[in-house]
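> model the following, please.
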Amino acid sequence: MISKTTSKDLFLSFFRLGLTAFGGPAMVAQIRELSINRHRWLDEGDFKNGVALCQSIPGATAIQTAAYVGLKSVGVTGALASYVGFGLPAFLLMLIFSVLYARYNSLPEIGSLFSGLQVIVVAIILNAIYAFGKSNVKNIKSALIAILSSALFWQGISPFLVVIGAGLAGAILLQTARSEPPSPQTEQKSMHWEAEKIIALGCILLTALVGLYIVNAALFTLAAIMLKIDLFAFGGGFASLPLMLHEIVMAKGWMASETFMDGIALGQVTPGPIVITAAFVGYMVQGLAGAVVATIAIFTPSFFLVITVAPIFDRLKSSPYFARVIDGILASFVGLLLYVLIKFALAVPWDIIRIILGLGALAALIRKVDILYIVPAGAVLSMIFL
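Next comes the predicted model:
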């Protein structure tokens, strides 16, 4: 039997879960335990539909699943409460890390620490390519899309154009995915599609953007970049990395590749999705206001997609063209991540110690060792040997 809840209970429950939300998409299992077994907010069928939705649209899967649970349980206000509650601990911790980094990163000991962590980041990206590629490069045609995407990125083509082109290529080249007929049972259930609240939230967002444009053009530019990154980040948090690298490091030149890698390392020891690196970027560029603006912007599009697409997703997923476009986009991110890997690897001053550290980290990741053990261990070894 489904239990009723409130937005306050959703916020508190997901805030507590967010404090230990390490592992990215692996947290979906913990959200399932919370929402089905512990509180009975959803049934198994609804939850599976929610996970399928969140894997098909841009954004970080785990935090979007939290929003979906809130949407199904209470409505738009519940979705917002779950989304904010789940992501708030990650933001607060990343803000603390960013302040400490900005203050102390010039110390030799801290330099050695992050020099080693950059090697860990290379191993993390390499492992992500392996996992991402195994799931999303399924045949020669999708492999060609991945390779061509990487090559276009090397030529300086905007990754946003690459993603769009990959989606079109997927629709044309990839085999027709097996479509599923819409589920009558799902269509009959209320999805709490409260259009007036969605419109109100949209108006608040637009008003805030106009206000930023008038008051602080730099913050507006930061917000616009993060909004665009999240809107194109199909496949979860790691898909945002090549987009963020292009915009922050290559296009705007706001920080060096090495500094961006440090932000990724901090994101790995912070609970929540890796896109919380946006808070680090925002703080380094525009201080506290930048951290707040960048964080809100990087999570806003995926939230709106959950609350607007959920009511029609059952019909959308039955379209073979939709599935082929998504498959093409996901294949392109393997190529884009390959570019990021090479870019980051070239920024590391490799020596025998760093090679051993990187290989050890990669072996640990392949063996599914928790990232919370790998990163601190790498930090300690870096301070001793580098």
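> tell me which stretches of the stretch 1-150 of the chain form helices.
Using DSSP state H, counting those that start in this stretch, the helices of the stretch 1-150 of the chain run over residues 7-18, 27-32, 44-56, 61-73, 76-104, 108-136, 140-154.
> quick one: contacts of the shortest one?
Taking contacts as CB atoms under 8 Å, 6 or more residues apart in numbering, the residues outside helix 27-32 that touch it are 17, 21, 47, 51, 61-62, 65-66, 69. Every residue, glycine included, has its C-beta placed from N, CA and C.
> ok, and the most crowded of those residues?
When neighbours are counted by other CB atoms under 10 Å, Ala66 leads those with 33 neighbours.
> just to check, that residue is in contact with Ser82?
Yes: counting by CB atoms under 8 Å, Ala66 sits close enough to Ser82 to count as a contact (4.5 Å).
> check which helix or strand covers the residue lying closest to Lys228 once chain neighbours are set aside.
The shortest distance from Lys228 to any residue other than its chain neighbours is 6.8 Å, reached at Phe160 (CB to CB, 6 or more residues apart in numbering). Per DSSP states H and E, Phe160 falls inside helix 159-173.
> then Thr300?
Using DSSP H and E, Thr300 falls in helix 277-309.
> and that helix, average pLDDT?
Mean pLDDT, computed over helix 277-309, is 95.
> any stretches of this protein with poor pLDDT?
The model of the chain has pLDDT under 70 over residues 1, 22-26, 109, 176-193, 314.
> next secondary structure after the helix holding Thr300?
Taking DSSP H and E, what comes next after helix 277-309 is helix 313-316.
> so Leu357 makes contact with Gln118?
No: Leu357 is not in contact with Gln118 according to CB under 8 Å; the separation is 10.1 Å.
> so what's Ser149 closest to, chain neighbours aside?
Spatial nearest neighbour of Ser149, excluding adjacent residues (CB to CB, 6+ apart): Gly335 at 3.4 Å.
> the one you found: what's it in contact with?
145-151, 153, 162.
> what angle separates the strand or helix carrying it from helix 108-136?
Secondary structure from DSSP H and E places Gly335 in helix 320-346. Counting by axes from the mean of the first three to the mean of the last three CA atoms, to 10 degrees, helix 320-346 points 150 degrees away from the direction of helix 108-136.
> now do the buried residues in the helix or strand following helix 320-346.
Tracing the chain C-terminally past helix 320-346 and defining elements by DSSP H and E, one meets helix 352-366 next. Within helix 352-366, the residues that qualify as buried by neighbour count (16 or more other CB atoms under 10 Å) are 354, 357-358, 360-362, 364-365.
> show me the contact partners of the helix or strand just after helix 352-366.
For helix 352-366, the following helix or strand on the C-terminal side (DSSP H and E) is helix 371-385. Here helix 371-385 makes contact (CB under 8 Å, 6+ apart) with 22-23, 109, 112-117, 119-120, 124, 265, 268-269, 353, 357, 361, 364-365.
> how far does helix 371-385 sit from the chain's center?
Relative to its parent chain, helix 371-385 has a centroid offset of 24 Å by CA atoms, centre = their mean, to the nearest Å.
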